[in-house]
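S.K.: Okay, sequence plus prediction incoming.
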Amino acid sequence: MNWNLKGKHALISGGTRGIGLAIAEEFLQLGAAIIVIARDEKYLAKKIKLWKDKNFPVDGIAADVSTTSDRERVFEILKQKGIQLDILINNAGTNIRKKVKEYSDQEYDHIFNTNLHSTFDMCRRAYPLLQQSKSASIVNISSVAGLTHMRTGAPYGMTKAAIVQLTRNLAVEWAPDGIRVNCIAPWYIHTPLVEKLFENQSYLREVLDRTPMGRIGEAQEVAAAVAFFCMPGASFITGQCLAVDGGFMVKGF
Ligand SMILES: NC(=O)c1ccc[n+]([C@@H]2O[C@H](COP(=O)([O-])OP(=O)(O)OC[C@H]3O[C@@H](n4cnc5c(N)ncnc54)[C@H](OP(=O)(O)O)[C@@H]3O)[C@@H](O)[C@H]2O)c1
């Protein structure tokens with residue numbers, strides 16, 4: 001009873017690849033119905049078909065969550081289809097790695113729109129639906145780059161740090177509405193977003209040396225933590241940020 005997502009309806013941004021895909025599949029295994037958002041319409045349709053062929057309750061909406069108009073359209077579609085919502089996962093995110101002085105205004109805006117403004121706006125647009133759920137849950141995907149300095153570039157770290165604080169604020173604001181809000185801060189996880197970085201063997205070695213568990217994480221390991229936050233078993237947990245990082249954050253000298 002405590003350890004499943006049976007009967008829950010979850011909206012997952014970026015659910016076709018990497019961490020979002022692992023979350024989508026974990027949720028399906030745990031009994032949830034999911035609605036997946038991604039930009040690449042063809043690839044999304046392919047994933048939806050694969051899941052539907054296995055009789056999983058899935059739906060897809062091709063949309064770019066970095067734009068206000070698409071976010072508006074997502075919730076218009078949910079309204080038209082009469083879809084209820086118990087869970088929102090703000091996972092879609094991006095990065096451009098540079099030194100502070102090298103960012104163009106467009107690059108800076110792109111990172112903020114994709115990672116932060118989308119998360120803020122998706123939460124408030126989902127609020128009326130989540131409020132109607134008996135036990136609602138939001139999980140935002142931050143990063144260890146939002147908790148400490150990393151070589152990811154400042155804008156990415158800034159957006160991820162702000163997501164941690166947004167999580168705390170919403171957790172307190174929406175606790176009386178029965179909406180729990182938590183976030184996850186992964187360290188390096190094998191996904192298309194970061195795979196290219198590991199082609200640089202010396203960088204990979206540095207990453208592994210700095211990780212107590214001595215390996216890169218798997219998307220399924222993030223998905224398991226996300227699922228836990230949404231389960232009845234986590235019913236008294238809100239406002240938390242859990243690092244899924246193989247010990248990275250607690251390693252000092
Ligand atoms: N991988 C890591 O090491 C790591 C570490 C810490 C935090 N994170 C965070 O975890 C989250 C997922 O990362 P990932 O590595 O799984 O990324 P990924 O492999 O690049 O996958 C991103 C997913 O999001 C979708 N997406 C991207 N931008 C979108 C947009 N504007 N609107 C709608 N969908 C969008 C992509 O599909 P389309 O391209 O079709 O839109 C894809 O399904 C991000 O927030 C990232 O910052 C990742």
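M.R.: The structure has been received and is ready for your questions. Residues are numbered from 1 along each chain as shown.
S.K.: mean confidence for the helix or strand harbouring residue 69?
M.R.: Assigned by DSSP states H and E, residue 69 falls within helix 68-81. Per-residue pLDDT over helix 68-81 has a mean of 98.
S.K.: which residues are contacting the next helix or strand along the chain from it?
M.R.: Downstream of helix 68-81, the first helix or strand assigned by DSSP H and E is strand 87-90. The contact list for strand 87-90 (C-beta atoms under 8 Å, 6 or more residues apart in numbering) reads 5, 8-13, 15, 20, 23, 27, 32, 118-119, 122-123, 126, 130, 136-141, 163, 226, 230. Just so you know, the C-beta spots here come from the backbone N, C-alpha and C atoms, and that holds for glycine as well.
S.K.: And for stretch 26-37?
M.R.: Here stretch 26-37 has contacts from 4-16, 20, 24, 44, 47-48, 51, 56-63, 65, 74, 78, 83, 87, 92, 220, 223-224, 226-227, 230-231, using C-beta under 8 Å, 6+ apart.
S.K.: in the stretch 51-200 of the chain, which segments are predicted with low confidence?
M.R.: Scanning the stretch 51-200 of the chain for pLDDT under 70 picks out no residues.
S.K.: Return a ChimeraX selection command for the buried portion of the contacts of stretch 26-37.
M.R.: What follows is the ChimeraX syntax selecting those of the contacts of stretch 26-37 that are buried according to 16 or more other C-beta atoms under 10 Å:
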select :5,8,9,10,11,12,13,14,15,16,20,24,44,47,48,51,56,58,59,60,61,62,63,65,74,78,87,92,223,226,227,230,231
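S.K.: So for the lengthiest helix in the chain, what gets flagged as buried?
M.R.: Ranked by residue count and defined by DSSP state H, the top helix of the chain is helix 154-174. Neighbour-count burial for helix 154-174 flags 154-164, 166-168, 170-171, 174 (criterion: 16+ other C-beta under 10 Å).
S.K.: cool, stretch 196-216 as well?
M.R.: Buried-residue list, stretch 196-216, by 16+ other C-beta under 10 Å: 207, 211, 216.
S.K.: Out of those residues, which comes closest to residue 242?
M.R.: Nearest to residue 242 among these is residue 211, at 16.6 Å by C-beta to C-beta.
S.K.: Regarding that closest one, what is its secondary structure?
M.R.: coil (DSSP: H, G, I helix; E, B strand; the rest coil).
S.K.: Next, work out how far apart it and the ligand are.
M.R.: Note on residue 211: its distance to the ligand, by C-beta to the nearest ligand atom, to the nearest Å, is 12 Å.
S.K.: starting at the chain centroid, how far to the host helix or strand of residue 48?
M.R.: Under the criterion of DSSP H and E, residue 48 resides in helix 41-53. Centre-to-centre, helix 41-53 and its host chain are 20 Å apart (C-alpha atoms, centre = their mean, to the nearest Å).
S.K.: after that helix, next one along is what?
M.R.: Taking DSSP H and E, what comes next after helix 41-53 is strand 58-62.
S.K.: How far does that next one sit from its chain's centre?
M.R.: Worked out by C-alpha atoms, centre = their mean, strand 58-62 lies 16 Å from the chain centre.
S.K.: hey, C-alpha coordinates of that strand in PDB?
M.R.: What follows is strand 58-62, C-alpha atoms only, in PDB (Å, rounded to 0.1, in the frame of the first residue of the first chain):
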ATOM      1  CA  VAL A  58       0.200   6.600 -21.200                       C
ATOM      2  CA  ASP A  59      -0.400   9.900 -23.100                       C
ATOM      3  CA  GLY A  60       2.000  12.300 -24.700                       C
ATOM      4  CA  ILE A  61       2.000  16.000 -25.300                       C
ATOM      5  CA  ALA A  62       4.600  17.400 -27.700                       C
END
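S.K.: mind listing what that strand pairs with, with the direction of each?
M.R.: strand 33-38 (parallel) (DSSP bridges).
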